[in-house]
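Visitor: build me a model from this:
(one chain, ligands or ions: 1)
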Amino acid sequence: MKAITIEEYGGPEVLQRRDIALPQPGPDEVLVRVAYAGINFMDVHTRQGKYKASKTYPVRLPCTLGMEGAGVVVRVGDRVSDVEVGSRVAWCISWGAYAEYACVPARLLARLPERISLDTAAAAMFQGCTAHYLVNDVARLRSGDTCLIHAASGSIGQILIQLCRRKGVKIFATAGSEAKCEVARKLGADHSMLYDEGGFAQSVRRLTSGNGVDVVFDSVGLATLRDSFRATRSRGLVINYGNVSGSLHDLDPIELGEAGSLFLTRPRLADHMTDAQTVQRRADDIFAAILDHQLIVPIAGRYTLEDVHMAHEKLETRQQVGKCVVKVDQSVA
Ligand SMILES: NC(=O)c1ccc[n+]([C@@H]2O[C@H](COP(=O)([O-])OP(=O)(O)OC[C@H]3O[C@@H](n4cnc5c(N)ncnc54)[C@H](OP(=O)(O)O)[C@@H]3O)[C@@H](O)[C@H]2O)c1
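Guide: Next up is the predicted model:
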């Protein structure tokens, strides 16, 4: 089967299109014929080697890239009882989706409602489940609360805005250009602004009568995290869920004290997708919101296994706004 693999870490040039053996599902896995794979910044991190020592995400070389996809089950392992051959499914945080077939642990599969198309499922599963746990289980936001969402025109940023909006939360947003700020405003951010080299913190304080916000969603990391502390109210929560600009290696906990006894967390999706029921529940909520037109997850670009390296280049150079997918099976709609 055709697959995009990496044998060494590096830039988009290390992506290789290979013919490799069909993977065999283990007893707790299913084999899926992949229709669409999601393209994610996490693929970029994987390619760069950021998970080479990770225990949460034990990605090792050689590796077939892609940790999100949607397709049809073609074989089930001996111990799998709740998924059948022919089921339409989507998954995330299991690697191997940039390929014609992928073996996926059954506990990570979500069955799809009939009206959810395979491309939408591949676009919504990872970021949808991430935004779902961040808003509901980490931030626990309620109507009237305030939050700051960085990289608000990014794939997760866009969904965070919409989920927070539905809860009646007041939203401040940052982005890297005026056009991206406009995307955030259109989705429901009350105020959107440029990062302004950390100047966002002062703007947010001014707009919250000097208090700062209850919660910051920070996926940017190095370039924003210290200023995020300055934008947070006393005893507020900073959620550092990504590090697209790099990691802060010299953080002293006393800084959190000085910033107003803040809470800082670095959560991971894997710890919030621990069993099949949780995976299905999060996916069901996201798909229901899409079908109710409460949540928009547009597909910003479509690639193939031949040109997926171009999507990686756009992600790394910040030219991409929103989510892209790889159409793997050319015979599906
Ligand atoms: N912890 C978790 O559970 C979890 C789960 C899923 C993903 N993540 C992580 O969350 C992060 C965001 O994921 P995503 O899917 O939303 O990504 P995305 O769609 O590619 O968005 C990333 C955004 O980051 C901004 N950015 C700021 N500095 C950047 C830089 N130096 N290089 C590239 N982009 C930069 C860009 O917007 P501007 O140009 O407007 O700044 C871009 O839109 C990634 O690090 C991903 O690994 C974490």
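Visitor: how far is the top strand by length along the chain from where the chain is centred?
Guide: For the chain, the strand that runs over the most residues, judged by DSSP state E, is strand 29-39. Centroid displacement of strand 29-39 relative to its chain, using CA atoms, centre = their mean, to the nearest Å, is 17 Å.
Visitor: after that strand comes which helix or strand?
Guide: Later in the chain than strand 29-39, the nearest helix or strand by DSSP states H and E is helix 41-48.
Visitor: what about the longest strand of the chain, near the ligand?
Guide: No: judged by CB under 6 Å from any ligand atom, strand 29-39 makes no contact with the ligand; its nearest approach is 8.9 Å. No exception for glycine: its C-beta is placed from N, CA and C like everyone else's.
Visitor: what strands flank that strand, and is each parallel or antiparallel?
Guide: Strand 29-39 sits in its sheet next to strand 68-76 (antiparallel), strand 101-105 (antiparallel), strand 323-327 (antiparallel), going by DSSP bridges.
Visitor: quick one: which of the ones you listed is nearest Ala90?
Guide: strand 68-76 (4.1 Å; CB to CB).
Visitor: give me the contacts around the helix or strand just after the closest one.
Guide: Next in sequence after strand 68-76, counting helices and strands by DSSP H and E, comes strand 88-92. Strand 88-92 is touched from outside by 30, 32, 38, 67-73, 83, 97, 104, 108-112, 118, 121-122, 124-126, 129, 269, 273, 279, 283, with contacts defined as CB atoms under 8 Å, 6 or more residues apart in numbering.
Visitor: tell me what angle strand 88-92 forms with strand 101-105.
Guide: Angle between the axes of strand 88-92 and strand 101-105 is 70 degrees (criterion: axes from the mean of the first three to the mean of the last three CA atoms, to 10 degrees).
Visitor: ok, Phe200 touching Thr174?
Guide: Yes: between Phe200 and Thr174 there is a contact under CB atoms under 8 Å: 5.0 Å.
Visitor: so between these two, which is more surrounded?
Guide: Higher neighbour count among Phe200 and Thr174: Thr174, with 33 against 24, using other CB atoms under 10 Å.
Visitor: what helix or strand is the more buried one on?
Guide: Using DSSP H and E, Thr174 maps to strand 170-175.
Visitor: which outside residues touch that strand?
Guide: Contact partners of strand 170-175, identified using CB under 8 Å, 6+ apart, comprise 144-153, 157, 161, 164-165, 181, 183-185, 188-195, 200, 204, 207, 213, 224, 231.
Visitor: interface residues of the chain facing the ligand?
Guide: Taking CB under 6 Å from any ligand atom as the contact definition, the chain meets the ligand at 40-42, 45, 127, 130, 151, 153-157, 175-176, 180, 219-220, 223, 241-245, 267-269, 315, 318, 320.
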